[in-house]
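Participant: Fold the following and give me the result.
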Amino acid sequence: MKNAVKQELFKLTKQQIILKQTLILSFMIISFACVTKFGNFDMLSADKLVLTCFNSSWLIVFFMVYLASQTFSMEFRFGTIKNLLQKNQQRRTIFFSKLITLVGYSIYLNAVAITVTICLSMILFPEVSFEQTDLLRTLFTNLLGNFAGMWLFASLSLMISLIVTNESLASMLGIVTYFLSSMLAGMQFMVVDRFSWLRWNPLNMLNLSNQINNQGMEKLTQLATNQLLIGNIVYILGFFLVACLVFNRKKV
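Facilitator: From the prediction side, this is the model:
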C-alpha cells in the first residue's frame, strides 16, 4: 500500500498539477484579500472573509471534483490500469491508494488556503488577531464544514467517473453536478418543509457549512448540525462503497 501511494503521488507531481493548483489558489486568495483591503467595498468585511479563507472553498471543491473524476478515468483511457494489475497489485490496493492520495491532497489544499490566509491577514489586516481563541475555533470549524461538503462532491465525482466510461463526460458531469447542486441546495427547503422525511436528502447535507455559521438554518434544514455532519459522512462513505464495487467489477 505504501509503495502504491508513493506511485500515485509521483503521478500527481509528474502532471505538475500540485504546483499549478497551488499557484492558482494562492493567487485567488491574494487577489480577494487585496480587493478587500484597497477596494473600499463596504460589503467586504476582513474579519468575516478571513474566517472563510477569502471564500476559497469553492475553488478547492472545483479542483477536487476535477481530480477525483480524472484519477481513474485516465488509467483506463491510457491503458495504464493493466500495468498496475500486472504488477500483482490487487484492485483493492489500487483503489485505496488513490483514495488516500486524494484525501491527502485535499488536506494539502486546505492547508495552503489557511497558511496564505493567515500570512495575508498579518500583513494586510493586523487588526484581525489570531490570538483570539474564538477566531481560530470558528476558522477551523468552517474548514471542517467546507471539507465535508467538498468530499461529498468529490466522492460523487469519483463514483460517476467509474460508472461513466467517457473521461470528458465524467469530468463535465462532476462539475455540472457541483454547480447545479449548489443552486438547488437552497431551493429544496420548500420540499423539505412539506415532506420532512426528505431532510436527509444529499442536497440538504450541503447546508452544513452555512448552518455552522448560522444556527437559525436549523429551522430550514430540520436537522441539527451534528446530524448534518453525520449525513455527509454517510453519503461520502456510500459513494465510496459504490465506487469501490464498480471498480472491482469494471472490465479492463
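
Participant: When you work out contacts or count neighbours from here on, use the C-alpha atoms and nothing else.
Facilitator: OK.

Participant: Would you mind confirming that Thr138 makes contact with Leu51?
Facilitator: Yes - Thr138 is within contact range of Leu51, at 6.7 Å (criterion: CA atoms under 8 Å).

Participant: Neighbour count for those two, which is higher?
Facilitator: Per other CA atoms under 10 Å, whichever of Thr138 and Leu51 has more neighbours is Leu51, with 21 against 15.

Participant: looking at it, the more buried one is touching Leu135, isn't it?
Facilitator: Yes - using CA under 8 Å, Leu51 is in contact with Leu135, at 7.4 Å.

Participant: What does the pLDDT read for Asn88?
Facilitator: Reading off the per-residue confidence, Asn88 sits at a pLDDT of 60.

Participant: and what of Leu109?
Facilitator: In this model, Leu109 is scored at 95, pLDDT.

Participant: separation between it and Leu139?
Facilitator: Taking CA to CA, to the nearest Å as the measure, Leu109 and Leu139 are separated by 15 Å.

Participant: ok, those two, which is more surrounded?
Facilitator: When neighbours are counted by other CA under 10 Å, Leu109 comes out ahead of the other of Leu109 and Leu139, with 22 against 19.

Participant: contacting residues for the more buried one?
Facilitator: 22, 60 (CA atoms under 8 Å, 6 or more residues apart in numbering).

Participant: Next, work out how far apart it and Thr93 are.
Facilitator: Noted for Leu109: a distance of 24 Å to Thr93, by CA to CA.

Participant: Phe179 now?
Facilitator: To Thr93, Phe179 is 32 Å away according to CA to CA.

Participant: for Thr117, same thing?
Facilitator: The gap separating Thr117 from Thr93 is 36 Å, by CA to CA.

Participant: ditto for Val35
Facilitator: Using CA to CA, one gets 46 Å for the distance from Val35 to Thr93.

Participant: swap in Ala154?
Facilitator: The separation that Ala154 has from Thr93, given CA to CA, amounts to 20 Å.

Participant: And those two? Which one has more around it.
Facilitator: Counted by other CA under 10 Å, Ala154 and Thr93 do not tie: Ala154 has more neighbours, with 30 against 14.

Participant: On the three-state scheme, the more buried one is what?
Facilitator: Reducing the assignment at Ala154 to three states with DSSP: H, G, I helix; E, B strand; the rest coil gives helix.

Participant: quick one: contacts for it?
Facilitator: By CA under 8 Å, 6+ apart, the contact set of Ala154 is 61, 64-65, 68-69.

Participant: Flag the least confident of these.
Facilitator: Ser69 (85).

Participant: got the contact list for stretch 55-72?
Facilitator: Outside stretch 55-72, the residues that touch it by CA under 8 Å, 6+ apart are 21, 25, 28-29, 49, 98, 102, 106, 109-110, 113, 146, 150-151, 153-155, 157-158, 160-162, 167, 170-171, 174-175, 178.

Participant: Report the helix or strand with the lowest average pLDDT across the protein.
Facilitator: When each helix and strand of the chain is scored by mean pLDDT, DSSP states H and E, helix 167-187 comes last, with a mean of 74.

Participant: Skip ahead from that helix and say which helix or strand is next.
Facilitator: Along the chain past helix 167-187, the next helix or strand (assigned with DSSP states H and E) turns out to be helix 189-194.

Participant: Would you mind listing the buried residues in that next one?
Facilitator: Within helix 189-194, the residues scored as buried using 16 or more other CA atoms under 10 Å are 189, 192.

Participant: Summarise which helices and strands that helix is packed against.
Facilitator: Using 3 or more CA pairs under 8 Å, 6 or more residues apart in numbering; DSSP states H and E as the contact definition, the elements that helix 189-194 packs against are helix 218-221.

Participant: can you list contacts of the helix it packs on?
Facilitator: With CA under 8 Å, 6+ apart, helix 218-221 has contacts from 189, 192-193, 199, 204, 207, 211, 224-225.
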